[in-house]
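Student: got a structure for you, letters missing:
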């Protein structure tokens, strides 16, 4: 089945440092979504990218969709302790009928 | 809107017992999804419904698992009989259309002893 690889699995940063997580697919994607899950919480939808080369920003978060629509990244500038959690990318299954497949996630720890 | 509502929040049961998890999606959302999350396997899609009809149940682990959606505002996931390896957090999510962001419930943490 269709898969998406997400790296790194874990990242520890000092508060104020930047953070980036990457998602890669072997096939061209129709779109990609990003979610955040706080410890003990549930995934929360952050954003969806659809267009080749698309860049979207949400405050300190920058989301990019690759030109070939096979990869995506989430970059956080100047991390804060509130950024702690696991960040997931998710893609639609090959049938494009609603089946959202999640990457393994990148868990971010921020040291104050 | 109160969001996606799941119950119970926590469930501890003995092996062999029947477990029923419940979900109320957001009104107007035509898609409902059941996911299971474990450390080993991450977030796995078990089954999803469109307009109350099951579309893809290929993720349901085995016949012990069943899901129903009798109407647009309610769905259940049943495990009978439960086993320790079923211990996980089960999430319900809904969306108004595929390809759009999902809204997840707070989840049910199931422990089978």
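Tutor: Alright, I've got the coordinates. Here the structure is a predicted model, which is why all the values come from computation and not from measurement.

Student: do stretch A:32-41 and chain B meet at all?
Tutor: Yes - judged by CB under 8 Å from any CB of the partner chain, stretch A:32-41 and chain B are in contact via A:33, A:41. All C-beta spots, glycine's among them, are computed from the backbone N, C-alpha and C.

Student: which residues of chain A fall in strands?
Tutor: For chain A, the strands defined by DSSP state E occupy A:5-7, A:10-14, A:19-24, A:32-37, A:43-49, A:55-58, A:61-65, A:71-76, A:85-92, A:100-102, A:106-111.

Student: Tabulate those (JSON lines), appending mean neighbour count.
Tutor: Output for those, formatted as JSON lines (neighbours: other CB atoms under 10 Å in any protein chain shown):
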{"stretch": "strand A:5-7", "mean neighbour count": "16"}
{"stretch": "strand A:10-14", "mean neighbour count": "13"}
{"stretch": "strand A:19-24", "mean neighbour count": "20"}
{"stretch": "strand A:32-37", "mean neighbour count": "23"}
{"stretch": "strand A:43-49", "mean neighbour count": "19"}
{"stretch": "strand A:55-58", "mean neighbour count": "13"}
{"stretch": "strand A:61-65", "mean neighbour count": "19"}
{"stretch": "strand A:71-76", "mean neighbour count": "20"}
{"stretch": "strand A:85-92", "mean neighbour count": "23"}
{"stretch": "strand A:100-102", "mean neighbour count": "21"}
{"stretch": "strand A:106-111", "mean neighbour count": "18"}
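
Student: out of those, nearest to residue B:21?
Tutor: Proximity to residue B:21 (CB to CB) singles out strand A:43-49 among the strands of chain A, at 17.0 Å.

Student: Secondary structure class of residue B:68, three-state.
Tutor: strand (DSSP: H, G, I helix; E, B strand; the rest coil).

Student: near chain A, which residues of chain B?
Tutor: Counting by CB under 8 Å from any CB, chain B sits next to chain A at B:31, B:33, B:42-43, B:45, B:48, B:50, B:55-56, B:91, B:93, B:95, B:98-107.

Student: Next, find the distance separating the closest residue to residue A:78 other than its chain neighbours from residue A:61.
Tutor: In space, residue A:78 comes closest to residue A:16 once its chain neighbours are excluded; the distance is 5.4 Å by CB to CB, 6 or more residues apart in numbering or on different chains. Remark: distance between residue A:16 and residue A:61 (CB to CB, to the nearest Å) = 15 Å.

Student: can you check residue B:110 too?
Tutor: Counting by CB to CB, the separation of residue B:110 from residue A:61 is 32 Å.

Student: mean confidence score for the host helix or strand of residue B:32?
Tutor: Using DSSP states H and E, residue B:32 sits within strand B:31-38. Mean per-residue pLDDT for strand B:31-38: 96.

Student: other SSEs contacting the next helix or strand after it?
Tutor: Moving toward the C-terminus from strand B:31-38, the next helix or strand (DSSP H and E) is strand B:42-50. On a contact count with 3 or more CB pairs under 8 Å, 6 or more residues apart in numbering or on different chains; DSSP states H and E, strand B:42-50 meets strand A:100-102, strand B:31-38, strand B:53-56, strand B:65-71, strand B:74-79.
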